[in-house]
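1. okay, structure incoming, though there's no sequence with it:
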């Protein structure tokens, strides 16, 4: 994935900034301070899905 703007360590002010920038359809924006949480949640969902698939057979 590529982004035009990456905001790191943003806090509440950075979230507002990311929201304002993301309102422009010409820009892709990511708030990297929330990425670890998202990646952990995605990984947990993947592992849970694999476990549920394995136990339902």
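-> Cool, got the structure. Computed from a prediction, not measured in an experiment: that's the story for all the values here.
2. all helices of the protein, in order?
-> Along the chain, the stretches classed as helices by DSSP state H are 11-22, 35-55.
3. other residues contacting the shortest one?
-> Read it as helix 11-22. Applying Cβ atoms under 8 Å, 6 or more residues apart in numbering, the contact partners of helix 11-22 are 5, 7, 10, 27, 29, 30, 31, 33. Where you see a C-beta, it was placed from the backbone N, CA and C, and this is true even at glycine.
4. tell me the two of the residues you listed that are most distant?
-> 27 and 33 (17.9 Å; Cβ to Cβ).
5. with neighbour numbers in mind, choose between these two.
-> residue 33 (15 against 11; other Cβ atoms under 10 Å).
6. residue 2 contacts residue 30, doesn't it?
-> No: taking contacts as Cβ atoms under 8 Å, residue 2 lies outside contact range of residue 30: 9.7 Å.
7. quick one, which of the two is more surrounded?
-> Per other Cβ under 10 Å, whichever of residue 2 and residue 30 has more neighbours is residue 30, with 18 against 6.
8. which residues does the more buried one bridge with?
-> In this entry, residue 30 is beta-bridged to residue 6, by DSSP bridges.
9. so what's it scoring on pLDDT?
-> Here the pLDDT value assigned to residue 30 is 80.
10. tell me which residues touch it, please.
-> Contacts of residue 30 (Cβ under 8 Å, 6+ apart): 1, 3, 5, 6, 7, 18.
11. pLDDT below threshold where in this structure?
-> The model of the chain has pLDDT under 70 over residues 10, 34-45, 47-48, 51, 54-57.
12. change it to 90
-> 1-3, 5-19, 21-22, 28-57 (pLDDT under 90).
13. ok so, going back, closest one of the contacts of residue 30 to residue 50?
-> Nearest to residue 50, judged by Cβ to Cβ, of the contacts of residue 30 is residue 1 at 23.5 Å.
14. so what's that closest one up against?
-> residue 30.
15. any idea how far it lies from residue 52?
-> Distance of residue 1 to residue 52, computed by Cβ to Cβ, to the nearest Å: 28 Å.
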